Structure formats: C-alpha cells, structure tokens
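**Q** Here is the input, now give the coordinates:
(one chain, ligands or ions: 1)
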Amino acid sequence: MYVRDLPVSAAVREHYRAAGIEELYPPQAAAVDAGIAEGGNVVAAIPTASGKTLIAELAMLTADGPALYIVPLRALAREKYESFSELPGVSVGISTGDFDSPAEELGEEDVVVATAEKVDSAIRNGATWVEDLACVVVDEVHLLGRPRRGPTLEVTLATLQRRAPGVQVVALSATIDNPEDVAAWLDADLVESTWRPVDLRTGVYSEGAVAFDDDTALSVDVGPVGPNDDGDTEVTAALVADALDGGGQCLAFVRSRREAESLAARLAEDGRESDATADLADEIRDAGGTETGRLLAETVESGVGFHHAGLVSEHRALVESGFRDREVKVLCATPTLAAGVNVPARRVVVRDLKRYTGEEMAWLSTLEVHQMCGRAGRPHLDPYGEAVLVGDEHTAEELWDRYVDTGPEAVESQLAAREALRTHVLSVVASGFADSEDAVLELLDATFFAHQSPNVDLSGVLAEVADELASMELLEVGADGGLAATDLGATVSRQYVRPETGARLIEGIRTIRAMDEDTVTALTALALVCGTPDMRGTYLGNRERAEIYRYATSHAAEFTTGPDEAEDFEAWLCAVKLARILREWSEGADIETLVERYRIGPGDVESHVERAAWLLGAGDALADTLDADVGIFRTARRDLGESVSEGAGARRP
Ligand SMILES: Nc1ncnc2c1ncn2[C@@H]1O[C@H](COP(=O)(O)OP(=O)(O)OP(=O)(O)O)[C@@H](O)[C@H]1O
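**A** As a prediction, this is how the structure comes out:
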C-alpha cells in the first residue's frame, strides 16, 4: 500500500513523501486494512520504531472531528506536539498547564496532545470539549499495568468513551503477551506484528564473546581489567568502541543517574574530540554551570553524553539532539530514556539488568529490557541493529532465559489496589458521574479491570473505600448506599491531589489555625506540602542527616507535625529537607548552590518547585473551602512562583 492511496489531503501526502515515506510498512498497511482511516477502533501491538506515529496520524486526520492524543510522559507530549505541528493544515494544542482547570481552550484545536493525568483533571473540572472528540489515540497503552498511571489511564479511557459515545479509540502498544485482552476491552481490531524496519539481533555477553539469537557470535576484545576497574564497565567500553569503529552509534543503559554519569566519564577517556562536539559542549556550558552540567560538557567534548531525569530540560534536549545529529556518538542512560524519547542507535548495550527498588536489587521487567533493545537499529542508516546484555559466566544463562528466550509479560490492571480505588471513586462521585455505590460499580464495569476479572465482586471493597473516604471527610455515605462528595471532597478532586494528600492538608490547615501567628511561616506551608504523598521524596545522605535534624529542631515551632508525632521519622526528615531547599530557592538561592549543598540533580529542583507550587495551590483552595483565614499557602506559592518567573532565567544552571 502506498502513501498516494491514503485518504488524506494532497499536502499531507506530500509531507510524508518529503519525509521519505512512500510505501506503508506492513503493520501500517494492516492498520489501514483494520479500518484505522474509517473510524475503526484499533489496537496496534508492534515493536519500537515500526511506524506507530503514522498509524495514529491516519486515524486523527481522517476522523470526523477533533482528536486527542494521550501520552504517558510530559517530555513526550512536547515531542509529539512538535511532530504533529508539522502536518500541513492541522492545528495542534498541547495541554501542560495547571491541574485545576477544564482547559476549554483545547476545544478549538484539530489535535490535542495531553497526558492521561491532564485529561483526567480536565474532566474533573468540567471540561466539555471531550464530548466533541471524534478520535482518541493512546500511546504506550501497555502502561495500563503500572500501579499509579495504569488506573488513571483505564478510568480516563472508560470515561471518554462514555462522554463521547462512538468515539474512535486507537491504542498503540509495545509487544506484550496479551494484546488481545486490551483489544477486546476496547472493542477494537487487533494489529499484532513483530515486523521491524531494521533487523534486530539480541545477544548476551559472557567470557569474551557475545552469543546472538541468530546463532552468530561476536568476540570482544576487553582490555586488561585492573583491580579498581569494574568488569562490566570494561566490557561495555569494549562493545561501545567496537560499534564506533564500525561507524555506528551506541546507547548504553545503566541502573542509576550516578552510574550513567560515571560510565560517561569512563567512556569519554576513549572518546574522540571534534569541532562539532566542542560547539555542543559550549552550548551546554552556556545553558548554565552546575557540576552535572560541567561534567556533561566535558564528556560531550569527547563525543559521549549522558541522559537522566536529574538533568535540566535544556541540557537533556541538547544531548538528545546532539545524538540525533550524530555528533554525540554514545549516550549513557537510565531506563527512562527507553520508555519515551526517540533516539535509535546501531548498538544498544544493557550493562545493568538489575535495579535497586528501595529494598533490594531486582531484575528489570522483560518489557522494559525489550524496549531498550528495541532502540537498536536506525532505519535508512544502519544495516541492522544489535542489542547486547552484559552478563558473565554466572548470569549469562539466566539473562538468556529471562530476556532473550522469553516473550514480554502480560499487562494486568492495577485498579483494584486500594489507593487507586480511593482516588477514582472520589473522582467519579465528585464529578457527578455517580451518586451511589451501584452507580460507581456500573462505571467500574467499563474498565479494563472488569474486563480482565469479570467474576471479581468489587462491592465489598467499594463499601470499605467509601467508608475510608468518609472518615477523611471527603465523602458522605447514605444509609441506602447513596454517595455524595463533601465540599472538601469536591475541592480535593478538582485540585487533582490524592485523597490522602487532601486529608493531610486538611489536618495541617486546622493545626495552622491553632498555631501562634508568629510561628506560621512559608516554611510551615512548605513542610506540610512536602510531607504529602503527592510530593516526590528525596534522598537523605548519612552525612546530612544530623545537619537537617539540627535545622528541624531550630525551626520546630514552625512545623505542623513534630518529629515525635510523625509516623515515619525518615520521611518526616526528608520533608523538612525538601521544604528547606524550596525555602532557599524562594529566597533567591541559585540551582548550583542547592545542587551542591543538598546533593540533588539540577532537574530535581525544577520538578520539586513545580510540584510544590501545585500542592500549595491545593492547600490554599482547601483553606478557602474550610473558611480558614490561612493565607500562608498563597504567600509561599507566590514567593516560589515569583522566584521562578523572575530569577529563573538567571539562576538556572
Ligand atoms: N512507511 C514508512 N516508510 C519509511 N519510513 C517510515 C515509514 N513509517 C515510519 N517511518 C519512519 O520510521 C521512523 C520510526 O517511526 P515512528 O517514530 O512512528 O516509530 P514508533 O513505532 O512510533 O516508535 P516508538 O516505539 O519509538 O514510539 C520515523 O523516522 C519515521 O519517519
């Protein structure tokens, strides 16, 4: 099937041709046969880089009305927004704004790109634009199996189908074990394929050679490994050097940010400098100068970059484009890169197959490793792609069994988890979609969970969840099973915070009301929001523990919870640390100082500031609902916000 046969405008056909797309890839042709361009529901479970974007565009461009494209990560929203914006004659909107608005302005666009969380929050805030949607595309639908994102995604999809009856639903998935489950749930045709535009061979390294799954082998010349060298790192260096010698680029995956940085520093020792990399290093330096930024500029000079969530967005964008332009030859990354950003390479080396979960070192999931491996092989540039898992004589067999011989896991709904149910039960009641336990059960019936577990009766757990929400003062439960959100519950739902966060904020606001006015400071509000489950935690080093404790003691009167009242002392201390960082940021500290003083990534400062601003807004709205004369959330948010808008440019690294 050819582009000239597609039912899209001549300008769009020309746009595809200009991008080198003349003939459809087989999975794309199968999607057309399944009715993607005629309003049909389709689930496409196909490998990385097999052309999912075109499948989505065909659905959105031929739909009889506006389309919504749901992405899992905000970083991906921007990438997709930019790519759809190039389509001629199509207006594209991106929704990255606050969580407490219906985002009605999006109703004016042909295509809207948003995260599931943003769509969920817009619906809770009364968005009417979703009713006009003709097409919804869900990218990375296999994330239905993730503990937090999954339930939001399935409830949002079920709600969208109810609010816009007959809407075309297209779901794009990595290859998973049970795509037919997802397709049956969405009443969709399944397009399943393992076809890839570039051949991929996967292998395991052990004892001087890689054994590939196509029965070929590659001997690897690993130099002498000194007593202070790490064996796996030296193997990775040898595999990288070999790929570069053959004119390819390499992605190397490791378990943590720190490992990504130290591997990059090690590989840079073998690197090559050029005019292009010197220019890119200058750009990185111009974008600011934290320790991380300096190290990045230094390694990039030798053609090696690193990529992880601790980088500020500008640095991240610079290494990504440097890699795509082939100036950066090697990218050392944490697994997050594999989940989203489109950066293929000839060879992928996965050095670390285990990751610390907070309790133990655990194997990565097969799906995750397959997604990393799937990044190998760039269409039109590489003759083939190669993925190598680094093992040794003890682990090679296990790696082979786990990741080469075995298909990916099945995707299982996580909606029945207590926490997820609490959030979504409150949301459907507060949004006016259900007013009784029976009505909630009926809504849940349209979810992936109900599809997968038709015989599980949720009524018992639902009654318990309703009681829990009632004890948090968020829900009223009538004797006849009637449910109604309290004013507090409605605010919690609209502010898009978890019920547990709402309950903490309510308790904190009451404490603040009883506190001596002089002791209520911005730190009071910041420590309160930093102690909620919606704030991402931080790490507390052994050396700084005593220092943070001293700080906490000297500000004890300002906190709503003392160390002896905290359920979890360590978490309490972490909240104090975060509050302190944010306070210093509000007072004008620059990122570099904070990064050095508190050993956090520069990108962490950005994301903590953003989350705190959101939660302070929620605190302020709840104080209003409680009629409490507590202005401290607004003041703290203003200081944080002013600090962002005024000084950020200058203070960013
Ligand atoms: N029919 C085609 N002919 C030639 N090139 C194509 C065709 N379809 C897509 N491509 C190109 O292949 C590359 C990968 O496509 P795309 O980004 O859609 O993959 P994907 O399946 O979305 O990958 P990911 O798993 O990363 O999301 C792009 O550069 C795209 O332009």
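**Q** what residue ranges in the protein score low on pLDDT?
**A** Applying pLDDT under 70 to the chain flags residues 96-98, 289, 337-341, 358-359, 642-653.
**Q** hmm, 50 instead?
**A** The chain contains residues with pLDDT under 50 at 645-653.
**Q** How is this protein divided into domains?
**A** Annotated domains of the chain cover 3-192, 200-404, 418-488, 499-651 [automatic domain parsing].
**Q** can you redo those as JSON lines with mean neighbour count and distance to Val411?
**A** C-beta here means a position set from N, CA and C on the backbone, and glycine is covered the same way. Below are those laid out as JSON lines (neighbours: other CB atoms under 10 Å; distance: least, CB to CB, whole Å):
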{"stretch": "domain 3-192", "mean neighbour count": "20", "distance to Val411": "4"}
{"stretch": "domain 200-404", "mean neighbour count": "19", "distance to Val411": "8"}
{"stretch": "domain 418-488", "mean neighbour count": "18", "distance to Val411": "8"}
{"stretch": "domain 499-651", "mean neighbour count": "18", "distance to Val411": "25"}
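**Q** do you know which of these lies nearest the ligand?
**A** Closest to the ligand of those, according to CB to the nearest ligand atom: domain 3-192, at 3.2 Å.
**Q** Establish whether that closest one and the ligand are in contact.
**A** Yes. Interface with the ligand: domain 3-192 contributes 19-21, 24-25, 28, 48-54 (CB under 6 Å from any ligand atom).
**Q** Wasn't Ala260 part of a helix?
**A** Yes. The assignment for Ala260 (DSSP: H, G, I helix; E, B strand; the rest coil) places it in a helix.
**Q** any idea how far it is from His307?
**A** 7 Å (CB to CB, to the nearest Å).
**Q** Same check on Val497?
**A** Using CB to CB, one gets 30 Å for the distance from Val497 to His307.
**Q** related to what we said a few turns ago, need the overlap of contacts for Ala260 and His307.
**A** By the contact definition CB atoms under 8 Å, 6 or more residues apart in numbering, Ala260 and His307 are jointly contacted by Cys332, Ala333, Thr334.
**Q** Tell me which of those residues fall in strands.
**A** Cys332, Ala333 (DSSP state E).
**Q** Format the shared contacts of Ala260 and His307 as a markdown table; extra columns: distance to the ligand.
**A** Rendered in a markdown table, the data for these read as follows (distance: CB to the nearest ligand atom, whole Å):
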| residue | distance to the ligand |
| --- | --- |
| Cys332 | 19 |
| Ala333 | 14 |
| Thr334 | 17 |
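**Q** What helices and strands are in contact with the strand or helix carrying Thr511?
**A** Using DSSP states H and E, Thr511 falls within helix 499-514. Here helix 499-514 touches helix 418-430, helix 487-495, helix 522-530, helix 602-625, going by 3 or more CB pairs under 8 Å, 6 or more residues apart in numbering; DSSP states H and E.
**Q** Show me what the longest one is packed against.
**A** In this structure, helix 602-625 packs against helix 313-324, helix 487-495, helix 499-514, helix 522-530, helix 569-586, helix 591-598, helix 632-642, with contacts taken as 3+ CB pairs under 8 Å, 6+ apart.
**Q** buried residues in the second one?
**A** Spelled out, that is helix 487-495. Judged by neighbour count using 16 or more other CB atoms under 10 Å, the buried positions of helix 487-495 are Leu488, Gly489, Ala490, Thr491, Val492, Ser493, Arg494, Gln495.
**Q** who's in contact with it?
**A** Helix 487-495 has contacts (CB under 8 Å, 6+ apart) with 99-100, 124-125, 426-427, 429-431, 469, 473-475, 485, 499, 501-502, 506, 617-618, 621-622, 624-626.
**Q** mind checking how far the residue nearest in space to the middle of the chain is from Ser173?
**A** For the chain, Leu73 is the residue whose C-alpha lies nearest the centre (CA atoms, centre = their mean; 3.8 Å). Here the criterion is CB to CB. By it, Leu73 lies 16 Å from Ser173.
**Q** Helices - which of the residues of domain 3-192 next to the ligand land there?
**A** Among the residues of domain 3-192 next to the ligand, the members falling in helices (DSSP state H) are Gln28, Lys52, Thr53, Leu54.
**Q** Looking at the residues you listed, spot the one nearest Asp457.
**A** For these, the residue nearest Asp457 by CB to CB is Lys52; the value is 37.1 Å.
**Q** residues contacting that closest one?
**A** By CB under 8 Å, 6+ apart, the neighbours of Lys52 are Ala44, Ile46, Asp139, Leu172.
**Q** Repeat that for Glu558.
**A** Thr519, Val520, Thr521, Leu523, Thr524, Ala527.
**Q** do that again at 6 Å, thanks
**A** Glu558 sits next to Thr519, Thr521, Leu523, Thr524 when contact means CB atoms under 6 Å, 6 or more residues apart in numbering.
**Q** Against Leu615, how distant is the last one?
**A** The spacing between Thr524 and Leu615, counted by CB to CB, is 14 Å.
**Q** What of the third one?
**A** In this structure, Leu523 and Leu615 are separated by 15 Å, where distance is defined by CB to CB.
**Q** can you list the residues of the stretch 351-500 of the chain near the ligand?
**A** Taking CB under 6 Å from any ligand atom as the contact definition, the stretch 351-500 of the chain meets the ligand at Pro379.
**Q** Please, where are all the helices along the stretch 351-500 of the chain?
**A** 366-373, 396-399, 418-430, 437-444, 448-452, 459-471, 487-495, 499-514 (DSSP state H, counting those that start in this stretch).
**Q** now the longest one and helix 602-625, what's the angle there?
**A** Orientation note: helix 499-514 sits at an angle of 70 degrees relative to helix 602-625 (axes from the mean of the first three to the mean of the last three CA atoms, to 10 degrees).
**Q** That's all I had, so thanks and see you.
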